[in-house]
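Student: Pasting the sequence and the predicted model now:
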Amino acid sequence: MGVVVAEGDDVKVYEVTSRATKLPSWQKSATAKERRIRRLEEAKASAAGVQILQDFEMPSVSQKVRLSEDENFLLVTGTYAPMVKCFEVNQLSMKFQRNLDCEIVDFTILEPDWKKLSFLLANRVIEIHSQAGFYYKVRVPRFGREMLLHRSTSELYVCGEGEEVYRLNMEYGKFMAPLLTKSGAGGGNNCLAVNPINQLVAFGGEGGVVEAWDPRDLSRNKAAGTLKIGAEITAMSFDSKDGLNLTVGTGSGQVLVYDIRSSKPYAIKEQGYGLPIRSAKMHRDGEHVISCDAKSIKAWSRSETSKNLFAVEPKTDVNHLCLVGGSGLVIAAAETSRVLSYYVPALGLAPKWCSFLDNFTEELEEGSSKTGNSTVYENYRFVTMDELKKLNMEHIVGTNLVRGYMHGYFMDLRLWRKAQEAAEPFAYEQYRKQKIKEKIEEERSSRIATPQRSKKVKVNQRVIDEALKKAQKKKGGAAKAATAVVTDDRFKAMFEEDVFKVDQEDARYRKLHPQDETPAVDEGDVDSDLELEDEEDIPDPMQLLREDARGLRADMDSSEDESEVEGSAHEERSRPISQPRLYGIKAETLGSKPDNTSAVRIAKGIKTSASRRESSRRKRESRMTLGERESLNDRGRPSVVWHPVPSDDGTNVEGGVSARQSEPPQIENVE
């Protein structure tokens, strides 16, 4: 992952450089074990960084880095051995690599793409390379320091030792008359720059003077204009936006920004270390300047030089700086094998060929917020355009008061609060009342509340009852939420339409709800006169028939002694009775006409109206005394006399009954 190497006021700088370092080609591991350990170390280092380009490194040191005019190719020179690498940014990989015979001092790209290159070598040789490779070389009279192509005249300017600036015409293939400059007096020229608008060529060197020459009129052999700096000039560049601003870096560690129409700088920046400035370039936004010396890289606004946008201090010396278009990506060549890359979201968006850097930084922001670190937008409020219109603040869009993000804007929290108070002056009172109401409801929920009755619905009543029963065990408004689902538009059809009725007799439902052993009974499934009783009050249908038969025998064989009746009844219960056939039972026994409905109910264990009345009568008579039973006889009931029954040996046996009724009821096929 990337590392935040610098963090200022709402500005973060991400180092997007792979941390893996490879051994030089001349240093090899002696054994396979050492090579394996080295590979593991490289893998761990690669996991700790982000590699925007594959193999974006040099064998030991990187010296210069430049971007092609079409911004599709990035070229880096370094040593040792002296070589140049070309990277195709759209493919995120290296296109080719070429080795040279001598150390490269500087190079320039002759075409908008990579196909024609020119190298200034340390042995006073200029090599011209084509697409196929080396093409031509020519020797320069003096050691060169910097080289630049003037496209309108197809001339290659080379400055170095001495006052002369050499011109190699690429169309004729020969040197033209050199330019004698005052800027190189005392040691030579160090840098040169071409104005992209008026095509003026500026030179700066140890003479402390900037000279601007017009290539269209060199017959006078005189500069078109001079600018006295008062110190050695080590870096220089024009503004690519309008060409009116000139950035000059001095050997004393100062960066000066001039309007070419004025002789006085309007911005002066101290780099801080007193070392010579190695690169000073103006960003395409026209506001920020990025400068570097051997120890630090700084970005600052030319309107406010006292405040840095960011400042980075690499561990190794910086040799050269390259800005990738108008994006926030800054690439630096340094005294290390890795080419340093820094991404600054506040300076600009990531280039389109590495747009993943934007997602990468957003993930880092999310990770830091989860771990409790402070975020960039801690004191900001996200608002949409509709919210701005409600606050009557839509006119601030486009100013520095809001910053666009996704489908809205980030707005300073203090400004938002003031606008909220102005738009809704009574919002705080409403907020206060709402908080008080929530506090009271929370306190009430902690008390013992009366159980709420479930709401009657057309379908799935049991679902509502169970939900309310579970919700009442919890605190808060769970019971209210359980009943509110009936009126919710998303779920109310479940309690109104029969299509959503839960079939609790279904095998799948019983498998998912094994605790529901007794199925639900709807009101329309049983007659209105059927009342569900306890399990002990629902006897076996055969037992009902036995009790009816015993009751009839008791009426026929009455006795005067109650104890003898109980004994006889006990013997009758212990005597086995054969199972009767349902179709052989007469209507007098059941008390109603035999039909399929009564038979089915008896078979299911459900009492009929006649059987319940007969059972109730017997229970009432069993609790009565003998006198009460005799009083029933006056109302037309059969007269039952309880008396002891003589046995064969002459003794009385309790429990015998006899009936005085002349014609007992007829019972067929009972036993």
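Tutor: Looks like it arrived, so ask away. Numbers count the residues shown, from 1 in each chain.
Student: hang on, isn't C292 packed against L275?
Tutor: No: C292 is beyond contact range of L275, at 9.8 Å (criterion: CB atoms under 8 Å). The C-beta positions use only the backbone N, C-alpha and C, and glycine is treated the same way.
Student: The two: who's more crowded?
Tutor: In this view C292 and L275 are compared by other CB atoms under 10 Å, and C292 has more residues nearby, 28 against 17.
Student: Please report how far that one lies from E335.
Tutor: 13 Å (CB to CB, to the nearest Å).
Student: remind me which residues of the stretch 401-550 of the chain are low pLDDT?
Tutor: Filtered on pLDDT under 70, the stretch 401-550 of the chain yields the residue ranges 445-455, 472-483, 515-550.
Student: Give me the residues contacting the helix or strand harbouring V76.
Tutor: V76 belongs to strand 73-79 when assigned by DSSP states H and E. For strand 73-79, contacts defined as CB atoms under 8 Å, 6 or more residues apart in numbering pick out 53, 56, 58-68, 83-89, 95, 103-104, 107, 109, 113-114, 117, 119, 322, 324, 331, 333, 339.
Student: and stretch 112-123, C-alpha only, in PDB?
Tutor: Extracted in PDB, the C-alpha atoms of stretch 112-123 (Å, rounded to 0.1, in the frame of the first residue of the first chain):
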ATOM      1  CA  PRO A 112       5.800  14.300 -30.200                       C
ATOM      2  CA  ASP A 113       6.300  10.600 -29.400                       C
ATOM      3  CA  TRP A 114       9.400   8.600 -28.600                       C
ATOM      4  CA  LYS A 115      10.700   7.800 -32.200                       C
ATOM      5  CA  LYS A 116      13.400  10.400 -32.400                       C
ATOM      6  CA  LEU A 117      15.700  11.200 -29.400                       C
ATOM      7  CA  SER A 118      18.800  13.200 -28.800                       C
ATOM      8  CA  PHE A 119      21.300  12.500 -26.000                       C
ATOM      9  CA  LEU A 120      24.000  14.800 -24.600                       C
ATOM     10  CA  LEU A 121      26.800  12.600 -23.300                       C
ATOM     11  CA  ALA A 122      29.600  13.400 -20.800                       C
ATOM     12  CA  ASN A 123      32.300  12.900 -23.500                       C
END
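Student: which residues are contacting it?
Tutor: With CB under 8 Å, 6+ apart, stretch 112-123 has contacts from 68-70, 72-73, 75, 77, 84, 86, 95, 100-110, 126-131, 140, 143-144, 146-147, 149, 156, 158.
Student: filter the residues you listed to the buried ones?
Tutor: 68, 72-73, 75, 77, 84, 86, 100, 103-110, 126-129, 140, 143-144, 146-147, 149, 156, 158 (16 or more other CB atoms under 10 Å).
Student: Strands - which of those land there?
Tutor: In strands, judged by DSSP state E, the following of those are found: 73, 75, 77, 84, 86, 104-109, 126-129, 144, 146-147, 149, 156, 158.
Student: ok, L388 touching L401?
Tutor: No: look at L388 against L401 with CB under 8 Å: they stay out of range, at 10.6 Å.
Student: Which residue of those two possesses the greater neighbour count?
Tutor: L388 (20 against 13).
Student: what about that one, is that helix, strand or coil?
Tutor: Following DSSP: H, G, I helix; E, B strand; the rest coil, the label given to L388 is helix.
Student: and it, what does it touch?
Tutor: Counting by CB under 8 Å, 6+ apart, the residues that L388 touches are 394, 396-397, 402, 409.
Student: try V397
Tutor: Contacts of V397 by CB under 8 Å, 6+ apart are 385, 388, 409.
Student: From these, pick the one nearest S262.
Tutor: Y409 (38.3 Å; CB to CB).
Student: and the closest one, what are its bridge partners?
Tutor: V383, G404 (DSSP bridges).
Student: Show the contacting residues for it.
Tutor: 382-385, 388, 397, 402-403.
Student: What is the burial count for A223?
Tutor: 22.
Student: On the three-state scheme, the closest residue to it other than its chain neighbours is what?
Tutor: Setting aside the residues directly before and after it, A223 is nearest to E211 in space (CB to CB, 6 or more residues apart in numbering), at 4.1 Å. Reduced to three states with three-state DSSP, the structure at E211 is strand.
Student: Check the one 4 residues further on too.
Tutor: The assignment at P215 comes out as coil when based on three-state DSSP.
Student: phi, psi of I268?
Tutor: phi -130, psi 130 (degrees, to the nearest 10).
Student: how near is it to D10?
Tutor: I268 is 26 Å from D10, by CB to CB.
Student: cool, K95 as well?
Tutor: In terms of CB to CB, K95 sits 38 Å off from D10.
Student: Could you tell me the angle between the strand holding V76 and strand 104-109?
Tutor: 170 degrees (axes from the mean of the first three to the mean of the last three CA atoms, to 10 degrees).
Student: Could you tell me the average pLDDT over strand 73-79, please?
Tutor: The average pLDDT for strand 73-79 rounds to 94.
Student: Direction included, what does that strand pair against?
Tutor: strand 61-67 (antiparallel), strand 83-88 (antiparallel).
Student: Indicate which one of these is closest to A350.
Tutor: Between the strands paired with strand 73-79, strand 61-67 lies closest to A350; by CB to CB that is 14.7 Å.
Student: List of residues touching that closest one?
Tutor: Against strand 61-67 from outside (CB under 8 Å, 6+ apart): 73-80, 104, 106-109, 319-320, 322-325, 331-339.
Student: I would like a ChimeraX command selecting only the buried ones among those, please.
Tutor: Per 16+ other CB under 10 Å, the buried members of these correspond to this ChimeraX selection:
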select :73,74,75,76,77,78,79,104,106,107,108,109,319,320,322,323,324,331,332,333,334,336,337,338,339
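Student: So which of the contacts of V397 is the closest to L512?
Tutor: Nearest member of the contacts of V397 to L512, counting by CB to CB, is M385, at 49.2 Å.
Student: how many other residues sit next to that closest one?
Tutor: 12.
Student: For it, give me the pLDDT.
Tutor: At M385, pLDDT is 89.
Student: dump the residue contacts of it.
Tutor: Applying CB under 8 Å, 6+ apart, the residues near M385 are 394, 397, 408-409.
Student: Equivalent analysis for K137, please.
Tutor: 125-128.
Student: again, but for E88
Tutor: 72-73, 94-95.
Student: So which of these is the closest to R167?
Tutor: Relative to R167, and with distances defined as CB to CB, the nearest of those is F73, at 26.5 Å.
Student: which of the contacts of M385 sit farthest apart?
Tutor: E394 and G408 (12.2 Å).
Student: one step back: from memory the residue nearest to A223 sits against K228, does it?
Tutor: No: in this structure, E211 is not within contact of K228 by CB under 8 Å, at 10.4 Å.
Student: TSV for the contacts of M385, including distance to T487?
Tutor: Shown next, in TSV, are those (distance: CB to CB, whole Å):
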residue	distance to T487
E394	39
V397	42
G408	34
Y409	38
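Student: where does this structure dip in pLDDT?
Tutor: In the chain (pLDDT under 70), the answer is 1-9, 18-50, 364-378, 445-455, 472-483, 515-608, 627, 630-671.
Student: Give me the longest strand you can find in it.
Tutor: strand 304-312.
Student: Need the contact partners of that strand.
Tutor: Here strand 304-312 has contacts from 5-6, 8, 11, 13, 267-269, 288, 296-301, 342, 344, 346-347, using CB under 8 Å, 6+ apart.
Student: Would you show me how to pick out the buried ones of those in ChimeraX?
Tutor: This is the ChimeraX syntax for the buried subset of these, where burial follows 16+ other CB under 10 Å:
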select :5,6,11,13,267,269,288,296,297,298,299,300,301,342,344,346,347
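Student: So R617 belongs to a helix, correct?
Tutor: Yes: under three-state DSSP, R617 falls within a helix.
Student: who's in contact with it?
Tutor: By CB under 8 Å, 6+ apart, R617 has no neighbours at all.
Student: What separation do you get for it and T625?
Tutor: 16 Å.
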